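# Just to be clear, the model below is a prediction. Sequence and coordinates:
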Amino acid sequence: MTTRGGNGGGGRRRGGRRFTPRRRVCFFCVDKVESIDYKDINLLRRYISERGRIEGRRRTSVCARHQRLLATALKRARHIALLPYSAEHVRTLTGAV
Ligand SMILES: [Zn+2]
């Protein structure tokens, strides 16, 4: 069979970053994440909308398994007040006369 990686004056250019559009592989699967850290707000933030709600799977392209882990992590983060339950209740509180 052909030998791979032979650097014998080939006409192959390297450095061409192959960008695959619309990859449906979930971000966590790629990283082989087994559990999502609920203290990692920077990460979790990416998966919540402006209103503090968990973004849908279609928008985040996270697989079902990780979406579940993510949801759990988000809920934990909310519980210890790292993330808001919703952005709207903040307004209600400030509007108290
Ligand atoms: Zn996944």
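In hand now; what should we look at? Residues are numbered from 1 along each chain as shown.

# and stretch 35-55, what's its mean pLDDT?
For stretch 35-55, mean pLDDT is 91.

# Poorly predicted segments of the chain, please.
1-23, 88-97 (pLDDT under 70).

# Can you pull up the residues of it that come close to the ion?
Among all residues of the chain, those adjacent to the ion (criterion: CB under 5 Å from the ion) are 26, 28-29, 63, 66. Every residue, glycine included, has its C-beta placed from N, CA and C.

# Narrow the residues you listed to those in helices?
Using DSSP state H, 28-29, 66 are the members of the residues of the chain next to the ion that sit in helices.

# Do a quick rundown of the helices in this structure.
Under DSSP H, the chain gives helices at 27-30, 41-45, 57-60, 64-79, 88-94.

# Quick one: closest of those helices to Arg51.
For the helices of the chain, the distance to Arg51 is smallest for helix 88-94, at 6.7 Å, taking CB to CB.

# circling back: pull out the buried residues from the residues of the chain next to the ion.
Neighbour counting over the residues of the chain next to the ion (16 or more other CB atoms under 10 Å) leaves 26, 28, 63, 66 as the buried ones.

# residues touching the residue lying closest to the second one once chain neighbours are set aside, list them.
The one in question is Phe28. In space, and not counting its chain neighbours, Phe28 is closest to His66: 4.0 Å by CB to CB, 6 or more residues apart in numbering. Contact analysis of His66 by CB atoms under 8 Å, 6 or more residues apart in numbering lists 26-29, 33, 36.
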